[in-house]
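A.B. asks: show me how the following folds:
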Amino acid sequence: MLSDLYIPGASALHRMRPAWKLALLFLYCTALFVVSHSLMLGLGLLLIALGYGIAGLRPRHAFDAVRPALYVLVIIFAAQLWLEDLAMAAFVTLRLIALLMAAALVTYTTKASEFTDGILALLSRAPKWLPKDKIALAISLVWRFIPMIRDQFEEVREAQRARGIERSLLALVAPLVVRVLKSADEIAEAIEARSLD
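C.D. replies: Predicted coordinates:
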């Protein structure tokens with residue numbers, strides 16, 4: 001079953017239109033990449049902390065947003081430390097953390113159905129030949145598929161740990177790929193059953 005990362009609430013961010021949240025997320029991410037300055041990064045992190053506070057979210061939710069990418073962040077930090085210096089490594093890593101937390105903030109405060117409506121609203125001025133409904137459906141499926149894969153990864157890892165083979169990459173990846181493909185087939189069948197092309 002598809003999982004949803006939405007956290008119920010009545011904050012201003014929860015009530016904001018999804019299209020506005022997506023637009024603000026796009027502007028936020030663009031600004032962090034275009035303006036490569038520590039002051040901009042500090043302001044970005046402050047805005048994210050303020051957003052989590054307004055939404056009534058806890059520090060644990062912010063950590064949950066970053067936790068799946070911890071290994072990647074460590075590798076990026078080490079690579080930047082080797083290629084550049086400590087300041088650059090910290091800057092690049094913190095910028096990626098800010099982006100992950102910003103995307104998670106939108107996810108935490110937006111239902112999957114609202115997210116699809118938001119995408120359709122953003123595509124309302126797109127050319128008529130563009131399959132807006134299919135694009136919105138595809139993006140919303142990806143939106144909800146990512147946490148599902150994460151949950152399945154945790155389940156497989158726990159099962160392999162119980163068998164004492166947690167260090168085997170093949171024993172971890174193979175069943176995960178099989179489960180993900182099976183879930184994809186089930187979702188495709190459900191879409192076809194609803195007469196969606």
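A.B. asks: how much space separates Phe77 from Ala102?
C.D. replies: Distance, Phe77 to Ala102, by C-beta to C-beta, to the nearest Å: 19 Å. Just so you know, the C-beta spots here come from the backbone N, C-alpha and C atoms, and that holds for glycine as well.
A.B. asks: compare those two (neighbour count), which wins?
C.D. replies: Neighbour totals were compared for Phe77 and Ala102, and Ala102 leads with 21 against 18 (other C-beta atoms under 10 Å).
A.B. asks: and the more buried one, how close does it get to Leu46?
C.D. replies: Taking C-beta to C-beta as the measure, Ala102 falls 12 Å from Leu46.
A.B. asks: same question for Leu73.
C.D. replies: Separation of Leu73 from Leu46 (C-beta to C-beta): 20 Å.
A.B. asks: what of Leu105?
C.D. replies: Going from Leu105 to Leu46 by C-beta to C-beta gives 13 Å.
A.B. asks: okay, those two: which has more neighbours?
C.D. replies: For the pair Leu105 and Leu46, the greater number of neighbours falls to Leu105 (25 against 11), based on other C-beta under 10 Å.
A.B. asks: surely the more buried one touches Ala55?
C.D. replies: Yes. When contacts are counted by C-beta atoms under 8 Å, Leu105 is listed as touching Ala55 (6.6 Å).
A.B. asks: need the residues touching each of these two.
C.D. replies: Shared contacts of Leu105 and Ala55 (C-beta atoms under 8 Å, 6 or more residues apart in numbering): Leu13.
A.B. asks: how about the contacts made by Pro8?
C.D. replies: Taking C-beta under 8 Å, 6+ apart, one finds His14 in contact with Pro8.
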